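> here is my input; please provide its structure:
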Amino acid sequence: MRFYIDSNPSSSTTSTSSDSSPTHNEDFVNNLQMVVYDESREERIDFLDSKNNEGSSHDGSQQVLVSSPPATTHADTKLEAVEKVVVSLDSLMDSMDSTVQDIDSRVKSMDSRLGSLDSKVEQLLNVQTFLKHDFGIYKRGFYDWMETVAANVTSSQTSLEINLVRQLTEQQYQFANDLEFVKMQLVELVNNLKETGDAKKGEG
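This next block holds a predicted model:
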C-alpha cells in the first residue's frame, strides 16, 4: 500500500513558512488525517481526537492517502505455482487411486485363492471324517468278528474237551471190561488145568 500526504496549496504554504507560529503548527498536527483509498470508496481517518479538529476547516486538513497496489505478475506467478501444485496433487491422487485399485484387485484375487484353499481343506476334512467313520465301522466289524471267532474257538475247545473226556471214559470202561474178561478166562483156564492134573493123578 502507498502512503502520501494530500493538502491544499494554502495550508501547505502556511505549514512550510519560516515565520509560522507554534499555534499554527499545533493546528496543522490536529488537522492531520489519513485517507484510505480502495477500489470502491474513500475513507477519512483522523489521527488525533475529533474534538481537536472541530475548529479546523476542511481546506486546511492534512491527509495521508493509502491505496491498494494493483495486481502484479508476482501474484500471478504464485497462482500458477499453486495451480501446478494442485495439478501435481491431482496426478498423485490419480496414481494413488490406480495403486489402490490394483491392491484391491490383488486382494480380491488372494481372497478367491483363499476361498479355493478353504474349499479344498474342507473337502480334505470331509474325506478324513469319512475315513474315520469307515475305519470305525471296519474296526467295530473286525472286533465283532474276532469276538465271534474267539467265542467259536472257546465253544469248540469246550466241546472237544468234553468229547475227549467222554471218549477216554468210554475207552477206560471198555478196557476195564476187557481186562475183567481176560481175568475170568485165565481163572477158568487155571481151573481146567487143575482138574486135568487131578484127574491124571487119580488114574495113576
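> tell me the pLDDT of R166.
Here, the pLDDT recorded for R166 equals 91.
> please state the backbone phi and psi of it?
phi -60, psi -50 (degrees, to the nearest 10).
> which helix or strand contains G197?
helix 73-203 (DSSP states H and E).
> so what does that helix touch, helix or strand wise?
Judged by 3 or more C-beta pairs under 8 Å, 6 or more residues apart in numbering; DSSP states H and E, helix 73-203 is in contact with no other helix or strand. All C-beta atoms are positioned from the backbone trio N, CA, C, and that covers glycine.
> quick thing: my sequence starts at 19, can you match it?
Will do, 19 is the new start, and the previous item becomes helix 91-221.
> would you mind measuring from T117 to S177?
Distance, T117 to S177, using C-beta to C-beta, to the nearest Å: 88 Å.
> low-confidence stretches in the chain?
19-90, 222 (pLDDT under 70).
> the same query, at a cut-off of 80, please.
Within the chain, the ranges that satisfy pLDDT under 80 run 19-94, 216-222.
> just the CA coordinates of stretch 174-191, formatted as CSV?
C-alpha atoms of stretch 174-191 as CSV (Å, rounded to 0.1, in the frame of the first residue of the first chain):
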residue,chain,number,x,y,z
SER,A,174,-15.1,-125.7,20.1
GLN,A,175,-12.4,-126.2,22.7
THR,A,176,-15.0,-126.9,25.3
SER,A,177,-16.9,-129.4,23.1
LEU,A,178,-13.6,-131.1,22.1
GLU,A,179,-12.6,-131.4,25.7
ILE,A,180,-16.0,-132.9,26.6
ASN,A,181,-15.7,-135.3,23.7
LEU,A,182,-12.2,-136.3,24.6
VAL,A,183,-13.2,-136.9,28.2
ARG,A,184,-16.2,-138.9,27.1
GLN,A,185,-14.1,-141.0,24.7
LEU,A,186,-11.4,-141.6,27.3
THR,A,187,-14.0,-142.6,29.9
GLU,A,188,-15.7,-145.0,27.4
GLN,A,189,-12.3,-146.5,26.4
GLN,A,190,-11.3,-146.8,30.0
TYR,A,191,-14.5,-148.6,30.8
